[in-house]
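>>> generate a structure from the sequence data that follows.
(one chain, ligands or ions: 3)
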Amino acid sequence: MTRARAAVLAALDAATEPLSAASVAARISVRCDMATVYRALHHLEETGFAESFVLYCAEDGVERFYASAHAARAAHDAHAAHDAHAAHRHWFHCESCHRFVDLGACKIGGLVAEVEQKLDLRVTKHTMYLSGICGDCSKRSTRATRTSP
Ligand SMILES: [Zn+2]
Ligand SMILES: [Zn+2]
Ligand SMILES: [Zn+2]
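Ligands and ions are numbered 1, 2, ... in the order given. Okay, here's the model as predicted:
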């Protein structure tokens, strides 16, 4: 693995939430340009070390986020060993503070198996995220409403 790839993977492994390519670049100490970061992310995804999804946020627009699939595998090795769909996590994105909340390991394997059987198709990947307002932000906005004259 090249130094850039190793650094990018380490940044994804250390992160507690999905990262945009720009925030990956900001977290690595190896000097490399954005094109190198994108290439490394692409390669890591192709080889199963990372995965990505395109998020639409009302405030920030459309952006691709990357997460380490390696860390997900390590955390859920029992399931991941025989179910590729279980090797990843899903996330909730708060449209107010823009943080991600970890929803845990994928739970939609049953739904995937059902459509595969019912519609005679083979699902090789899926993307799902939830978005809305997190608990902290909804508490803040309730307080603000209450205290306003
Ligand atoms: Zn929030
Ligand atoms: Zn956002
Ligand atoms: Zn899933």
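>>> how close does the residue of the chain found nearest ligand 2 get to C32?
As assessed by Cβ to the ion, ligand 2 sits closest to C57 within the chain, at 3.1 Å. Heads up, the C-betas are built off the backbone N, CA and C, glycines and all. Using Cβ to Cβ, to the nearest Å, C57 is found at 27 Å from C32.
>>> neighbour count winner among the two?
C32 (17 against 13; other Cβ atoms under 10 Å).
>>> that older thread, my guess is the residue of the chain closest to ligand 2 contacts E63. True?
Yes: counting by Cβ atoms under 8 Å, C57 does reach E63; the two are 7.2 Å apart.
>>> contacting residues for A21?
34, 37-38, 41, 64, 66 (Cβ atoms under 8 Å, 6 or more residues apart in numbering).
>>> at 6 Å instead, please
37-38 (Cβ atoms under 6 Å, 6 or more residues apart in numbering).
>>> look at it and report its pLDDT.
On pLDDT, A21 comes in at 96.
>>> related to what we said a few turns ago, dump the residue contacts of the residue of the chain closest to ligand 2.
When contacts are counted by Cβ under 6 Å, 6+ apart, C57 touches E95.
>>> who does it bridge with?
When bridges are called by DSSP bridges, C57 pairs up with G61.
>>> and what of Y66?
Bridge pairing for Y66 - DSSP bridges - gives L19, S52.
>>> I'd guessed it sits against F49; true?
No: taking Cβ atoms under 6 Å as the definition, Y66 is not a contact partner of F49, at 10.2 Å.
>>> mind checking which of the two has more residues around it?
Applying other Cβ under 10 Å to Y66 and F49 shows that Y66 carries more neighbours, namely 24 against 20.
>>> what separates S20 from L121, distance-wise?
From S20 across to L121, the span is 32 Å (Cβ to Cβ).
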